[in-house]
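quick one, structure for this:
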Amino acid sequence: MVYLINNDIEFIYERNVLYSRKLNLEQSLLSPSSRILKYLIENNGCVITQSTLFQIGWEDKLEYVTNNAFYQNISLLRKAFEILNQKNKLIINFPKKGYSLDKNVIIEIITAPSDSISIIETAETIETAETAETAETAETAEKNIKGTKKIRLDFLILITILIISPFYFYKSAGSNNDLYSYDYCGKDEGVNFFCEKNSIINDNQFRNIINKIKKSKSKYNYIYFRKNIHNEVGYSFLNCKSEFMIINLTPNNCISYYAIEK
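I've put the predicted structure just below:
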């Protein structure tokens with residue numbers, strides 16, 4: 001689904017992207033922000049309560065989300081429109097009532113995004129299809145090699161898990177407890193973001209983190225962000241292989257980063 005906003009901004013929902021035809025510039029959105037914007041567009045003219053937008057934005061992960069994460073996603077959404085030269089505030093807050101799109105905003109449903117966006121999307125689709133086909137071929141070959149040994153191996157793995165799981169549970173419960181209290185604050189480009197309570201990540205910090213991960217070619221898809229309480233202009237984040245859980249059967253690998261904003 002593609003929406004044209006104010007005869008300029010294309011909102012490509014499936015890709016979580018805003019694209020300006022005039023500037024030939026696009027801005028990525030976090031998944032919750034994208035779902036919230038789509039719902040506001042589909043209910044243009046109505047004031048939507050904050051609790052409803054919570055449910056739309058985070059779906060089954062609603063219980064892990066705080067007000068801070070919600071306000072942060074609204075702020076990033078407004079910032080994206082500002083960067084694309086939409087100077088008027090498109091998302092209006094009605095105190096104690098909810099949120100709505102500005103009554104003067106022009107919304108049009110179009111059949112497909114601009115050519116420049118379509119080319120990017122087609123290339124990504126082809127790459128995804130090739131990757132999926134390669135993965136399926138490798139998986140089939142691996143199954144053939146294992147043959148009749150698979151059942152025996154699965155049984156040994158199950159016994160091993162039953163024996164060692166109590167020790168991992170003890171280890172998990174006794175360490176890194178602060179990382180379990182982070183709030184889920186969105187997903188973009190396959191990367192899951194978790195924010196420490198009261199740590200608000202702004203748009204510049206978000207883009208810097210994404211660019212740093214791309215530059216380092218890291219395949220870890222979990223970010224744990226926190227503000228530096230001793231330095232107001234600094235922040236740090238962990239780039240981890242997997243999400244921190246109460247029970248971890250395997251060690252989690254992380255790369256730590258510290259940034260000072262100028």
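
could you list the low-pLDDT ranges of the stretch 101-250 of the chain?
114-150, 162-180, 229-233, 246-249 (pLDDT under 70).

ok, now which ones touch the nearest residue to residue 201 once chain neighbours are set aside?
The shortest distance from residue 201 to any non-neighbouring residue, by C-beta to C-beta, 6 or more residues apart in numbering, is to residue 225 (5.2 Å). For every residue, glycine as well, the C-beta is placed using N, CA and C. Applying C-beta atoms under 8 Å, 6 or more residues apart in numbering, one finds that residue 225 lies in contact with 185, 193, 194, 195, 196, 199, 201, 205, 209, 235, 236, 237.

one more pass at 7 Å, please.
Taking C-beta atoms under 7 Å, 6 or more residues apart in numbering, we find residue 225 in contact with 193, 195, 196, 199, 201, 235, 237.

columns distance to residue 245, neighbour count and secondary structure on top of those residues, output as TSV?
Formatted as TSV, the contacts of residue 225 follow (distance: C-beta to C-beta, whole Å; neighbours: other C-beta atoms under 10 Å; DSSP: H, G, I helix; E, B strand; the rest coil):
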residue	distance to residue 245	neighbour count	secondary structure
193	17	24	strand
195	18	23	strand
196	17	22	coil
199	21	21	coil
201	22	25	coil
235	24	22	strand
237	19	26	strand
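
in the stretch 101-250 of the chain, which spans are strands?
107-110, 183-188, 191-195, 222-227, 234-240 (DSSP state E, counting those that start in this stretch).

and the contacts of residue 225 as TSV, adding distance to residue 214?
Formatted as TSV, the contacts of residue 225 follow (distance: C-beta to C-beta, whole Å):
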residue	distance to residue 214
193	15
195	20
196	23
199	22
201	17
235	18
237	14
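
determine which two of those residues are furthest apart.
Greatest spatial distance among the contacts of residue 225 (C-beta to C-beta): 193 and 235, at 12.7 Å.

so which of the strands of the stretch 101-250 of the chain gets nearest residue 71?
Of all the strands of the stretch 101-250 of the chain, it is strand 183-188 that lies closest to residue 71, at 10.5 Å by C-beta to C-beta.

the closest one to strand 191-195, inter-axis angle?
Angle of strand 183-188 versus strand 191-195, following axes from the mean of the first three to the mean of the last three C-alpha atoms, to 10 degrees, is 160 degrees.

how much space is there between the residue nearest the centre of the chain and residue 80?
Centroid-nearest residue in the chain: residue 187, 0.5 Å away (criterion: C-alpha atoms, centre = their mean). Residue 187 sits 16 Å away from residue 80 when distances are taken as C-beta to C-beta, to the nearest Å.

and for residue 244?
Using C-beta to C-beta, residue 244 is found at 29 Å from residue 80.

give me the neighbour count for residue 37.
Residues near residue 37, counting by other C-beta atoms under 10 Å, number 27.

buried residues, the helix or strand where it lies. List them.
Using DSSP states H and E, residue 37 maps to helix 31-42. By neighbour count, with 16 or more other C-beta atoms under 10 Å as the criterion, the buried positions of helix 31-42 are 31, 32, 33, 34, 35, 36, 37, 38, 39, 40, 41.

need those in a markdown table (columns: pLDDT).
Output for the buried residues of helix 31-42, formatted as a markdown table (pLDDT from 0 to 100):
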| residue | pLDDT |
| --- | --- |
| 31 | 91 |
| 32 | 91 |
| 33 | 92 |
| 34 | 93 |
| 35 | 93 |
| 36 | 94 |
| 37 | 94 |
| 38 | 94 |
| 39 | 95 |
| 40 | 94 |
| 41 | 94 |
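
ranges for the helices of the stretch 151-262 of the chain?
Residue ranges of the helices in the stretch 151-262 of the chain, as given by DSSP state H, counting those that start in this stretch, are 203-216.

need the nearest residue in space to residue 111, chain neighbours excluded.
Leaving aside its chain neighbours, residue 111 sits nearest to residue 2 (7.4 Å; criterion: C-beta to C-beta, 6+ apart).
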